[in-house]
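Engineer: Quick one, what's the 3D model for this:
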Amino acid sequence: MSDQPDLPRTDASQASHSAPIVSLQDYRQSRDPLPVTFHRKELDSILWIYGRMVGEGEWRDYAIDHLKDKAVFSVFKRSGELPLYRIEKDPKLAAKQGAYSVIHTSGRVLKRGHELTQVLKVFDKKLKLVE
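Structural biologist: Take a look at the predicted model:
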């Protein structure tokens, strides 16, 4: 006798119609893929800009959305309004125009690129001549 436990026996007709065995992890990823998220370094860069703009009184609130196809960091002047800016990470555009973009309330793309630090430079203030 073998050391294996007794398993229910199936006839040949049942064995030929059985589905292939799939790992649970593969099934979950194919059924409900993980959302796109910002990594810690990306959030550090975004929150550094956010803190600076809050200190200047220009921004007051933010929201982070992790969707199936992209991650969005929205910036608000007041929490009840539309976002002033959206900082988006869309991996589908990484090979083309760049995964990162800053979008204005009007929907206009202010800057897009492959590196988040370069895209966030759109928020750097330029020195103005004061007379």
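Engineer: can you pull out the strands in the protein?
Structural biologist: Listed in chain order, the strands of the chain (DSSP state E) span 61-66, 71-76, 85-89, 100-104, 109-113.
Engineer: Tell me how many other residues crowd Phe76.
Structural biologist: Neighbour count for Phe76, taken as other C-beta atoms under 10 Å: 16. The way it works is simple: take the backbone N, C-alpha and C, and place the C-beta from them, glycine included.
Engineer: How many neighbouring residues does the closest residue to it other than its chain neighbours have?
Structural biologist: Closest residue to Phe76 in three dimensions, ignoring its sequence neighbours and counting by C-beta to C-beta, 6 or more residues apart in numbering: Asp61, at 4.2 Å. When neighbours are counted by other C-beta under 10 Å, Asp61 registers 16.
Engineer: Would you check that my belief about Asp61 contacting Gly80 is correct?
Structural biologist: No. The criterion here is C-beta atoms under 8 Å, and Asp61 misses it with Gly80 at 9.2 Å.
Engineer: ok, so what distance separates Arg120 from Ile21?
Structural biologist: You called it Arg, but residue 120 is Leu. Distance, Leu120 to Ile21, by C-beta to C-beta, to the nearest Å: 47 Å.
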